[in-house]
Structure formats: structure tokens, C-alpha cells
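Trainee: Pasting the sequence and the predicted model now:
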Amino acid sequence: MKRYFKYLLPAGVFFLLLWGGMVVCRADPLGLLKGIPRGIELIGHMVPPAWGKIPDLLRPALETVQVAFVGTCLGAFLSFIIGLIAARNMHSVPILRDVARSLLSAERALPDLIVMLFFVAIVGLGAFPGVMALMASSIGMLGKLFADAIEEIDPKPIEALEAIGATKIQVIQYGVLPQVLPAMVAHTLYRFEVNIRMSILLGVVGAGGIGFNLVTSIRLMRYQEAMAIILIILILVTFSEKISDLLRKIMIGKEVLR
Amino acid sequence: MMLAIRNIYKKLPDGRPLLKGISFDVQKGEFIGILGESGVGKTVLLRCINGLTQPDHGEIIMNGDGHPQKINGKKGKELRTIRRKIAMIFQGSILVKRLTVLENVLTGGLGRISTARSLFYGFTEEEVHHALAALSQVGIQNLAYRRAETLSGGEMQRVAIARAIFQKPLLLLADEPVSNLDPKNTEVVLDFLKPLTEHMAIIGVFHAPKLVGKYCTRVIGIRNGLIVYDGEPDLSDAILNLIYGAGRPSPVALTN
């Protein structure tokens, strides 16, 4: 019994904080229960989903995927370059390294929606600011992950290539890239999954795609259409996860086979 | 005179002197074996020759084609131009593990092609042909498309030799190329190394005097930062004591 006493204080503090937090958030479990009938009523308005609208929704859905795809690809490409600059073992200009890492940190601190609004202010509404926002947010994450991966490579093959008289770019192409490629692909695939969801959200604030359709249909109280859109979103997200898993398995499979 | 090493001085990071004035010349066709206790500075000396390390004092001059060039102190493009003529094999071979054997050999030619070409085009069929020829010269052409990491230590070292052959250097530096191989593989690798002296000079750091006696044309022994022996590879016990210290023969010398 005695040994549980030492957990008593931390547990007590934890639950005190939890209760305090619920008070501040005005947690209302009773209200939640009371609202259930209204929830059921809302879902009632949403079924059956507006199946007939689905063909019209395919094009915005495609746009959402494209925004995520292009944003991820551009982001990954630029992240590789920035990762090379930010990595400790790639060059001996500490200022550049620090600046690169700081910029990446700063980007990660910005909420994606703010980045999106920034681009909307520059280039207007539509898919393009969405692509830019996703590219920027991908760079924030992937830049750091890539730089870390680059820092962990085996330095000896790099030295061997330098000893042969290869240029810096040749060393990167033949010595660095082969070593970090699997990690970079894995990170990028994961980022793509995240970006699909982000693309939907950004659509709500004007980046086009199916997110825009969703918020419009809700505002116009076309709940059955909204339900159809939600179903499409579910399929999109699940599909992107499955493809991402599949591609990752193919890459690992190639490793083992070769 | 192909390579002139003049009075090389090198201090350890903590300030203690390591190499205290190493001088010798290298001619084309020589296979020089460098012997000495561990830590005496053999690897450091080798790394000074291709600029991976800089000596504190002294000069290293290469004269492959009638134009003598100083190696130490060079940087950037000048250093790269010189390095293209010097190949290096390390202990543990150091290939790019995820590339295929053939791709690893081809990297030996990177010094010859421009960055733009290697980035956007790659190697010509003729170059691939030469690379495969280099692989067959060391007897492993059948492994050309295997990923380097799937090979055994001895096979990887042979790929490194093929890479050096493909590089067509004037000088080959071998830093303990066989120290981590079993006796059979050691012999195989050295059997492939020796005939290369037809086209280039080889300077190798070794730990086994008996091997050196069998394959090298000349032995240089380093002790206490200075050359204590420079001559025939036929090493008597007296000479070994000179190199490794009287009364304390190197354990490797014993097993050989």
C-alpha cells in the first residue's frame, strides 16, 4: 500500500488541473447529453445523402487532391535543398545553417491557416494560394526531417567520393541522396496524407476544392449534399492513406528484394 | 619522379608531434608498403597525399605528366583536379551501400565528367562498358547489378579496386586494404592489386610484414615520426625491431 503513496501527490495535482481545466472550458457533460436528440435530428436531415450530386462533386474532389499533391511535391523538392543547407555535415558556413534551421522553426510555428490567408492576400483566392500554403507548411516539417536524416548519413562514402575528385553536387547525387532517399520518401508520403486533410480544410477558407463545396452546402442548409460531400471526403482520406501505405510497402519491399 | 614527399610535419590535435619530417620519392610502377606501429601516423601520411588532411609543414608534389603540382594547401577546383589522378582504397572499402556494384564503379569516373552531365545524363554506354571491364578484371563482373551492401567484405574491396581501375589514376593509395579480411580474401585482393603497378604507383599501409614482403617492391618503416627503414621488402628480424621497437614485436608480426 505504501508504495502507492508516492503517486498520490502527482495524481492529485493532475486531477486538480484537469478539473480546473474543465471549469475554464465550461465543460458541460449534461448539456452534451441533452443535445443528443438534436444531434440525431441533424443527422436525420443529412440522410439519405444526395447521391445525384456526386458526379458534380468529383471535379472539386480532384482539385483537392491535386492541390495536396502539387503542394507536397514542391514542398519535398525544396525541403531537400533546404535540408542540405540546414544539415551540419554538408558545408562549413554556420550562419547559413542557423538561418535555415531558424526559418524552418518559424514556419512550423505559424498555423497553416494563417499562411494560407497570407497567400490569399498576395495572389487572391483559389487553388494556387492553397498549393503555396501547403508547400510552405510541408517545407517547415519536411525541411527539418530531411536535414536530420542528412545529418545521420555515413560520412565515409562521402569522403571516398571527395577523395576521387567529385564535385560537391556529384557527392550529393551519388553519396548523400542514395542514403537519405528511403527516409525522405517515407516522410513525404506521410506528409501527403496530412496535406490531403489540410487541403480540405483550406478549401473551407477559399482554396477551392471540395472543402469549399462543403462549407457552401452547410451554409445553404443543403444537409444531404453536405453528407454526400462528407462521404466523398471519407473516401478521399482513406484512399490516400491506403495508397501511401502501399507505396511505402513497395519501397521497403524493393529494399529487401534487391 | 612521380610523387615527391618532402619533410612532412604533422602534429596531433593535442599538440604533440606525430610526423617529424617524412621524405621520400615515389616512381611509377612501385608498390610501396608502409609499416609501423598503430598510431604512428601512417594513415595521416596517406591522407596528406590526397589532401584529406593537411600537413603542418612540408610539401607534397605530384608530377604525373611533366607538370609538377604541389598538393598540400590546395583547395576547391585545383584540389579536385589533382585528386582525380589519385585513387584511394580504405579499410572496409567504403562503397555507397545502396547503389549497385556497377554504379559504385562508375563513381570512380565522376572526376572526369562535368557536374551538369552527371546530373542530367549520367554515363555513356562506352563508359559502362569500361566499368564492366574493370569489374571483370577483378573477377566479379557477375555481381555488377547487385546492391553493394549485399556483398562480402572481400568482394566489396574488389569493387573498390575496380572503381580505382576505372578512375585511371596515376597513384593508388591503399589504407589498410586487407586488415579486416580473412587470409584467403587477403590474398585474392592483393593478387588483384599487384598487377595494377603496370599503370600506376601504389602506396599501401599494412600491418602484416609478411604480406608486404610478398607483394611490395619497397618497404618504408616509420617509427617515432621518422622513417627508420626504406628499402627492399625482404625484412629481417633486425629490421622489424627497428620498425616496431626492440623486444616488443608487433603481435601481427608474430602471427605472420
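Mentor: Here it is on my side, so go on.
Trainee: contacts, neighbours, all on C-alpha from now
Mentor: Will do.
Trainee: tell me the contacts of the residue of chain B found nearest chain A?
Mentor: Nearest residue of chain B to chain A: B:Arg80, at 4.3 Å (CA to the nearest CA). When contacts are counted by CA atoms under 8 Å, 6 or more residues apart in numbering or on different chains, B:Arg80 touches A:Glu162, A:Ile164, A:Gly165, A:Ala166, A:Thr167, B:Gly111.
Trainee: By proximity to chain B, which residue of the stretch 151-258 of chain A wins?
Mentor: Residue nearest to chain B within the stretch 151-258 of chain A: A:Gly165 (4.3 Å; CA to the nearest CA).
Trainee: Roughly how far does the residue lying closest to that residue once chain neighbours are set aside sit from A:Leu234?
Mentor: Once flanking residues are discounted, A:Gly165 sits nearest to B:Arg80: 4.3 Å by CA to CA, 6 or more residues apart in numbering or on different chains. Using CA to CA, to the nearest Å, B:Arg80 is found at 56 Å from A:Leu234.
Trainee: got it, and A:Ile196?
Mentor: 11 Å.
Trainee: do the same with A:Val70
Mentor: Using CA to CA, A:Val70 is found at 21 Å from A:Leu234.
Trainee: which one of the two has more residues nearby?
Mentor: More crowded of A:Val70 and A:Leu234, by other CA atoms under 10 Å in any protein chain shown: A:Val70, with 18 against 12.
Trainee: so which helix or strand takes in that one?
Mentor: helix A:54-86 (DSSP states H and E).
Trainee: From the contact counts, what lies against that helix?
Mentor: Identification of packing neighbours for helix A:54-86 by 3 or more CA pairs under 8 Å, 6 or more residues apart in numbering or on different chains; DSSP states H and E yields helix A:94-109, helix A:127-151, helix A:177-202, helix A:210-219, helix A:223-257.
Trainee: Pick the most deeply packed of those.
Mentor: Of all these, helix A:127-151 has the most neighbours on average by mean count of other CA atoms under 10 Å in any protein chain shown, namely a mean of 25.
Trainee: So which elements touch it?
Mentor: Helix A:127-151 packs on helix A:54-86, helix A:94-109, helix A:112-123, helix A:177-202, going by 3+ CA pairs under 8 Å, 6+ apart.
Trainee: Any chance of JSON lines for those helices, columns mean pLDDT?
Mentor: Below are those laid out as JSON lines (pLDDT from 0 to 100):
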{"stretch": "helix A:54-86", "mean pLDDT": "93"}
{"stretch": "helix A:94-109", "mean pLDDT": "93"}
{"stretch": "helix A:112-123", "mean pLDDT": "89"}
{"stretch": "helix A:177-202", "mean pLDDT": "93"}
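Trainee: For my notes, please list those in CSV and give distance to B:Gln69 for each entry.
Mentor: Shown next, in CSV, are the helices and strands packed on helix A:127-151 (distance: least, CA to CA, whole Å):
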stretch, distance to B:Gln69
helix A:54-86, 33
helix A:94-109, 32
helix A:112-123, 55
helix A:177-202, 33
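Trainee: Return the alpha-carbon coordinates of stretch A:207-218 using PDB.
Mentor: C-alpha atoms of stretch A:207-218 as PDB (Å, rounded to 0.1, in the frame of the first residue of the first chain):
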ATOM      1  CA  ALA A 207      -8.700  27.400 -51.600                       C
ATOM      2  CA  GLY A 208     -11.200  25.700 -53.800                       C
ATOM      3  CA  GLY A 209     -11.800  22.000 -54.000                       C
ATOM      4  CA  ILE A 210     -14.200  20.000 -52.000                       C
ATOM      5  CA  GLY A 211     -13.800  21.900 -48.800                       C
ATOM      6  CA  PHE A 212     -15.400  24.900 -50.400                       C
ATOM      7  CA  ASN A 213     -18.300  22.800 -51.600                       C
ATOM      8  CA  LEU A 214     -18.700  21.500 -48.100                       C
ATOM      9  CA  VAL A 215     -18.900  24.800 -46.300                       C
ATOM     10  CA  THR A 216     -21.200  26.200 -49.000                       C
ATOM     11  CA  SER A 217     -23.600  23.400 -48.700                       C
ATOM     12  CA  ILE A 218     -23.700  23.700 -45.000                       C
END
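Trainee: so how far is that stretch off the chain centroid?
Mentor: In this view, stretch A:207-218 has its centroid 19 Å away from the chain centroid, taken as CA atoms, centre = their mean, to the nearest Å.
Trainee: For A:Lys156, see how far away the closest residue to A:Ile158 other than its chain neighbours is.
Mentor: Once flanking residues are discounted, A:Ile158 sits nearest to A:Gly175: 5.5 Å by CA to CA, 6+ apart. Separation of A:Gly175 from A:Lys156 (CA to CA): 9 Å.
Trainee: can you check A:Pro55 too?
Mentor: 56 Å.
Trainee: Compare these two (neighbour count), which wins?
Mentor: Of the pair A:Pro55 and A:Lys156, A:Lys156 is the one with more neighbours under other CA under 10 Å, namely 16 against 8.
Trainee: buried sites along the helix or strand hosting the more buried one?
Mentor: Counting by DSSP H and E, the element that carries A:Lys156 is helix A:155-164. Under the neighbour-count criterion of 16 or more other CA atoms under 10 Å in any protein chain shown, helix A:155-164 has A:Lys156, A:Pro157, A:Ile158, A:Ala160, A:Leu161, A:Glu162, A:Ala163, A:Ile164 buried.
Trainee: farthest pair in those?
Mentor: Farthest apart among those by CA to CA are A:Lys156 and A:Ile164. That separation is 12.6 Å.
Trainee: all strands of chain B, in order?
Mentor: Using DSSP state E, the strands found in chain B span residues B:3-11, B:17-26, B:31-36, B:57-62, B:69-70, B:86-89, B:171-175, B:201-205, B:218-223, B:226-231.
Trainee: For stretch B:14-30, list every residue counted as buried.
Mentor: Residues of stretch B:14-30 classed as buried: B:Leu18, B:Leu19, B:Lys20, B:Gly21, B:Ile22, B:Ser23, B:Val26, B:Gln27, B:Lys28, B:Gly29, B:Glu30 (neighbour count, 16+ other CA under 10 Å).
Trainee: So what would you say the end-to-end distance of it is?
Mentor: 35 Å.
Trainee: List the contacts of it.
Mentor: With CA under 8 Å, 6+ apart as the test, stretch B:14-30 has contacts from B:1-12, B:40-41, B:45, B:58, B:170, B:197-203, B:216-218, B:224-227.
Trainee: run the last query once more with 7 Å
Mentor: Residues outside stretch B:14-30 that contact it (CA atoms under 7 Å, 6 or more residues apart in numbering or on different chains) are B:1-12, B:40-41, B:197-202, B:217, B:225-227.
Trainee: residues contacting A:Ile210?
Mentor: A:Pro60, A:Ala61, A:Thr64, A:Ile200, A:Gly203.
Trainee: where along chain B do the helices fall?
Mentor: Taking DSSP state H, the helices of chain B run over residues B:42-49, B:76-83, B:101-107, B:115-120, B:125-137, B:153-167, B:183-193, B:209-215, B:237-244, B:251-255.
Trainee: circling back to that earlier point, for the buried residues of helix A:155-164, give me a markdown table that also has pLDDT and distance to B:Val159.
Mentor: Shown next, in a markdown table, are those (pLDDT from 0 to 100; distance: CA to CA, whole Å):
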| residue | pLDDT | distance to B:Val159 |
| --- | --- | --- |
| A:Lys156 | 91 | 16 |
| A:Pro157 | 92 | 13 |
| A:Ile158 | 93 | 16 |
| A:Ala160 | 92 | 13 |
| A:Leu161 | 92 | 14 |
| A:Glu162 | 91 | 17 |
| A:Ala163 | 90 | 16 |
| A:Ile164 | 90 | 15 |
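Trainee: who touches residue 84 in this structure?
Mentor: In the absence of a named chain, chain A is used. Contacts of A:Leu84 by CA under 7 Å, 6+ apart are A:Met90, A:Ala147.
Trainee: Actually, chain B is the one I wanted.
Mentor: By CA under 7 Å, 6+ apart, the neighbours of B:Arg84 are A:Ile164, A:Gly165, B:Gly111, B:Pro169.
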